[in-house]
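[1] based on what follows, work out the 3D shape:
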Amino acid sequence: MVIEKKDMGIEIMERDRHRQLTDFQQKSLREQKEIQLSRSLKKEVTTGANGTQDYIIKKGINSGKIADKGQ
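    Below you'll find the predicted structure:
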């Protein structure tokens, strides 16, 4: 009787440990897929498109000069 209880406890521990390992594996695979998907769906940004890089002053004394970003 004592041996049977011990074996039963070991089986339960093995079952629980197996469950922990499979849950961890599934979680890590899901996170890896999310990272890969987010990397593949990001669009490349073109620098300077639509005036995002520099602004050139069009009127006044300083016309034709590039405006400072600190203004």
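
[2] any weak-confidence spans in the protein?
    Counting by pLDDT under 70, the ranges of the chain that qualify are 1-7, 48-52, 69-71.

[3] make it 50
    1-2 (pLDDT under 50).

[4] which stretches in it count as helices?
    Taking DSSP state H as the criterion, the chain carries its helices at 2-41.

[5] would you mind measuring from the most centrally placed residue in it to Leu29?
    By CA atoms, centre = their mean, the chain has its centre lying nearest to Ile35, at 4.7 Å. Using CB to CB, to the nearest Å, we find Ile35 at a distance of 11 Å from Leu29. Glycine gets a C-beta too; all of them are placed from N, C-alpha and C.

[6] contacts only, for the closest residue to Asp54 other than its chain neighbours.
    If the residues on either side of it in the chain are set aside, Asp54 comes closest to Ile66, at 4.9 Å by CB to CB, 6 or more residues apart in numbering. Listed by CB atoms under 8 Å, 6 or more residues apart in numbering, the contact set of Ile66 reads 54-57.
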